[in-house]
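In: coords please:
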Amino acid sequence: MGSTQLYVQRDQPPGVPPLHLTGERTLPDVPEENYWFQRHLAVYRWIAQRVHGRRVVDLACGEGYGSAELGRTAASVVGVDANPDAFEHARAKYTSGAVRFERNMIELWQGDVDCVVFLQTLEHVQDAGAVLERIKALIGPEGVAYVSTPNVLTLAPEGAERSGNPWHVHEYRPQEYRDLCERHFGRVDLLGLFHARKLRAHEVAIRHLGWDRIHPALRLTKPFYDRFTPAIAASDFALRRGSLDRSLDLLAVLRP
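Out: Residues are numbered from 1 along each chain as shown. Sure thing, here's the model as predicted:
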């Protein structure tokens with residue numbers, strides 16, 4: 001991704017301040033960031049298909065695109081983020097009849113909901129167990145929570161204990177993440193996010209056809225990825241159960 005400070009959102013609606021890419025959160029409307037944005041959007045879309053009629057809070061909502069996606073199906077969505085720039089941007093860009101935004105700490109937010117969405121943030125917190133207990137209290141006995149985190153086995157370089165992301169406090173292996181969730185919730189369904197369609201083909205080309213050696217030799221690297229990266233879509237990712245060691249991210253569906 002290079003020096004993320006160089007990138008800023010393009011083509012924002014009138015009155016919406018663009019956000020700068022810092023590496024702490026992903027953003028739409030930054031072509032160089034599109035892989036990560038679509039990777040996150042794929043999970044939001046999967047969840048949106050399952051929250052019809054629910055009262056949802058999207059904790060650590062960041063730029064707000066995920067809250068807007070959930071608002072297509074949920075009865076109501078509150079996007080919560082503590083960052084003042086992200087909050088102002090989300091409020092200006094995505095507020096609608098079903099979606100609103102509040103600036104608050106995730107530990108302090110109070111509201112009447114039966115669904116919590118908390119994606120790609122647990123790795124940023126010091127006390128993950130306390131956050132999961134807070135989420136369980138918010139959803140009540142009949143609620144559901146969707147909590148995701150990167151899989152360190154694929155995020156970190158091979159053989160490394162963790163990635164170099166300076167914003168991450170702790171990164172999880174699949175079984176470690178399942179064990180953590182099961183200590184706090186009675187029912188845990190764990191899925192993994194994987195490459196699909198053209199990203200799966202690209203993965204096969206690298207692993208079996210030597211594409212990572214071919215494109216530098218032919219001096220195609222920049223022209224190829226200048227076209228390939230912006231063309232990635234949410235449909236180029238898929239969630240499934242089963243063996244999760246090679247998954248990109250881990251999504252826990254949690255019920256008391």
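In: show me what contacts residue 40?
Out: 26, 66, 119-120 (Cβ atoms under 8 Å, 6 or more residues apart in numbering). Using the backbone N, CA and C atoms, a C-beta is placed for each residue, glycine as well.
In: residue 253 belongs to a strand?
Out: Yes: under DSSP: H, G, I helix; E, B strand; the rest coil, residue 253 falls within a strand.
In: ok so, going back, which of the contacts of residue 40 sits closest to residue 77?
Out: Residue 77 has its nearest neighbour among the contacts of residue 40 in residue 66, at 9.1 Å by Cβ to Cβ.
In: which other helices and strands contact the helix or strand containing the closest one?
Out: Assigned by DSSP states H and E, residue 66 belongs to helix 65-70. With contacts taken as 3 or more Cβ pairs under 8 Å, 6 or more residues apart in numbering; DSSP states H and E, helix 65-70 sits against helix 34-48, strand 55-59, strand 76-81, helix 84-94, strand 99-103.
In: quick one: mean pLDDT for the second one?
Out: Mean per-residue pLDDT for strand 55-59: 98.
In: ok, residues contacting that strand?
Out: With Cβ under 8 Å, 6+ apart, strand 55-59 has contacts from 66-67, 70, 74-80, 106, 109, 111-118, 121, 135, 138.
In: helices along the stretch 151-256 of the chain, start to end?
Out: 152-155, 174-182, 197-209, 211-217, 221-231 (DSSP state H, counting those that start in this stretch).
In: quick one: low-confidence parts of the stretch 1-150 of the chain?
Out: Applying pLDDT under 70 to the stretch 1-150 of the chain flags the ranges 1-5.
In: returning to what we had before: the helix holding residue 66: how far from the chain's middle?
Out: 11 Å (Cα atoms, centre = their mean, to the nearest Å).
In: what pairs with the lengthiest strand in the chain, and is each one parallel or antiparallel?
Out: What stands out as the longest strand in the chain, according to DSSP state E, is strand 187-195. Paired strands of strand 187-195, with direction, are strand 237-240 (antiparallel), strand 249-255 (antiparallel) (DSSP bridges).
In: could you give the mean pLDDT of it?
Out: Rounded mean pLDDT across strand 187-195 is 98.
In: hmm, who's touching it?
Out: 39, 42-43, 148, 151, 174, 177-178, 181-182, 200, 202-203, 236-242, 244, 246-256.
In: from residue 52, how far out is residue 155?
Out: Between residue 155 and residue 52 the computed distance is 32 Å (Cβ to Cβ, to the nearest Å).
In: next, the angle helix 197-209 makes with the longest strand of the chain.
Out: The directions of strand 187-195 and helix 197-209 differ by 70 degrees, with axes from the mean of the first three to the mean of the last three Cα atoms, to 10 degrees as the criterion.
In: picking up where we left off before, need the strands paired with strand 187-195 in JSON lines (columns: mean neighbour count).
Out: What follows is these, written out as JSON lines (neighbours: other Cβ atoms under 10 Å):
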{"stretch": "strand 237-240", "mean neighbour count": "18"}
{"stretch": "strand 249-255", "mean neighbour count": "21"}
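In: JSON lines for these, including mean pLDDT and distance to residue 226?
Out: Formatted as JSON lines, those follow (pLDDT from 0 to 100; distance: least, Cβ to Cβ, whole Å):
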{"stretch": "strand 237-240", "mean pLDDT": "98", "distance to residue 226": "21"}
{"stretch": "strand 249-255", "mean pLDDT": "98", "distance to residue 226": "25"}
